[in-house]
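Undergrad: got a predicted structure plus its sequence, pasted below:
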Amino acid sequence: MKFKKIKSINDFIVYQKAMILFKNFMEEDLPILEKRFAGRELARQQVRSLDSICSNMEEGYGRKAGKELKHFFRISRGSTGESKGRYIRCKNLLPKKTVEKRVNQLDEIQAMLYSLIAKLRD
C-alpha cells in the first residue's frame, strides 16, 4: 500500500474530520443551544473543547518534533473525550439524533488519534 506524504496539517484525515465537526457545531448545534441559558453555558465550553481538538493538532504539527507532536495530538485526543461527555450532557437540549451523530463523530476522531499517536515516532 502506498501512503500519501503529509505536506500540511490538512493532509491528516483526522484533522479534516475534526474541522467538519467544529463547523457542524457552529452551524447546526450552536443556534439550538443558544436558545436556553443552560445551553449557552454548555455551548461556550463546547466551542473551546472542539476548537482544542483542531488547534492542538495544528500546534503539534507546526512544531514538527516527534515527542511534541505526540504530546499535542494526545491533548487533542483528551479534548475529544471532553467534547463527547458534554454532548451526552446536552441530550436534553439537542435532538437525540444530533447527539448520537456527534458522539459517533467524536468516537471516530478519538480512535483515529489513538492509532495515529501509536504510529508516530518519538
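TA: Arrived safely.
Undergrad: quick check: closest non-adjacent residue to Asp107.
TA: Take Asp107 and drop its neighbours on the chain: the residue closest to it by Cβ to Cβ, 6 or more residues apart in numbering is Lys84, 7.2 Å away. The C-beta positions use only the backbone N, C-alpha and C, and glycine is treated the same way.
Undergrad: so that neighbour makes contact with Gln105?
TA: No. Counting by Cβ atoms under 8 Å, Lys84 stays clear of Gln105, with 9.2 Å between them.
Undergrad: any idea how far Gly78 lies from Ile53?
TA: Here the criterion is Cβ to Cβ, to the nearest Å. By it, Gly78 lies 9 Å from Ile53.
Undergrad: which one's more surrounded, the two?
TA: The residue with more neighbours, out of Gly78 and Ile53, is Ile53; 28 against 16, by other Cβ atoms under 10 Å.
Undergrad: who's in contact with the more buried one?
TA: Contacts for Ile53 (Cβ atoms under 8 Å, 6 or more residues apart in numbering) come out as 18, 21-22, 76, 79-80, 83, 109.
Undergrad: with secondary structure and neighbour count as extra columns, can I get those in CSV?
TA: Conversion of the contacts of Ile53 to CSV gives the following (DSSP: H, G, I helix; E, B strand; the rest coil; neighbours: other Cβ atoms under 10 Å):
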residue, secondary structure, neighbour count
Ala18, helix, 29
Leu21, helix, 22
Phe22, helix, 18
Ser76, helix, 26
Ser79, helix, 25
Thr80, helix, 26
Ser83, helix, 29
Ile109, helix, 24
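Undergrad: Leu30: which of the residues you listed is nearest?
TA: In terms of Cβ to Cβ, no member of those lies closer to Leu30 than Phe22, at 10.4 Å.
Undergrad: list the contacts for that closest one?
TA: With Cβ under 8 Å, 6+ apart, Phe22 has these contacts: 50-51, 53-54.
Undergrad: top helix in the chain by residue count?
TA: Ranked by residue count, the top helix of the chain under DSSP state H comes out as helix 37-63.
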